[in-house]
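Colleague: Got a predicted model here, sequence first, then my questions.
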Amino acid sequence: MTMISDKDIKNFLETAPIYTWIEFPKPAINRHSLSIGAIDAFCETCGHVRPFHDMRSRGSGAGLPSPKPLSNGTSYFEFTCVTCRKERREFLVEQIFDEK
Ligand SMILES: [Zn+2]
């Protein structure tokens, strides 16, 4: 069984249709957030697939201000095309945890 990784989250955001659920085994080491730094997506302005990065400022150090373990709730993602810096992709993901 694979544990949820940044790659899994990236793949989910890139490929899952809207309103899709996916299950992952509970990670042995809990993540503090589902946030990841980048995805690849089609950019309407550039006309092809480009890297999109999360360009929001994170204060000092990624993840440090929120040491709470990941729990039920929602995660917001915002990525901007690194080439034109105009196109943006936003996602709101609902996460539900149980013992497994
Ligand atoms: Zn672009």
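Modeller: That came through, no problem.

Colleague: surely Ile22 meets Asn11?
Modeller: No - using CB atoms under 8 Å, Ile22 makes no contact with Asn11, being 9.5 Å away. The C-beta positions use only the backbone N, C-alpha and C, and glycine is treated the same way.

Colleague: for the ion, what are the nearby residues on the chain?
Modeller: By CB under 5 Å from the ion, the residues of the chain that approach the ion are Cys43, Thr45, Cys46, Cys81, Thr83, Cys84, Glu87.

Colleague: show me where pLDDT drops low in this protein?
Modeller: For the chain, residues meeting the criterion pLDDT under 70 lie at 1-2, 58-67.

Colleague: what ranges do the strands span in it?
Modeller: 38-43, 48-53, 73-81, 88-95 (DSSP state E).

Colleague: Mind putting these into TSV with mean neighbour count?
Modeller: What follows is the strands of the chain, written out as TSV (neighbours: other CB atoms under 10 Å):
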stretch	mean neighbour count
strand 38-43	16
strand 48-53	15
strand 73-81	16
strand 88-95	13
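
Colleague: Export the ones you listed as CSV, with columns for distance to Ala28.
Modeller: Below are these laid out as CSV (distance: least, CB to CB, whole Å):
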stretch, distance to Ala28
strand 38-43, 25
strand 48-53, 29
strand 73-81, 20
strand 88-95, 17
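
Colleague: Which of those strands sits closest to His32?
Modeller: Smallest distance to His32 across these (CB to CB): 11.1 Å, for strand 73-81.

Colleague: check contacts around the closest residue in space to Arg85 that isn't next to it in sequence.
Modeller: Sequence neighbours aside, Met55 is the residue nearest to Arg85 in space, at 7.9 Å (criterion: CB to CB, 6 or more residues apart in numbering). Under the criterion of CB atoms under 8 Å, 6 or more residues apart in numbering, the neighbours of Met55 are Glu78, Phe79, Thr80, Arg85.

Colleague: got it, and Val82?
Modeller: By CB under 8 Å, 6+ apart, the contact list for Val82 reads Arg50, Pro51, Phe52, His53.
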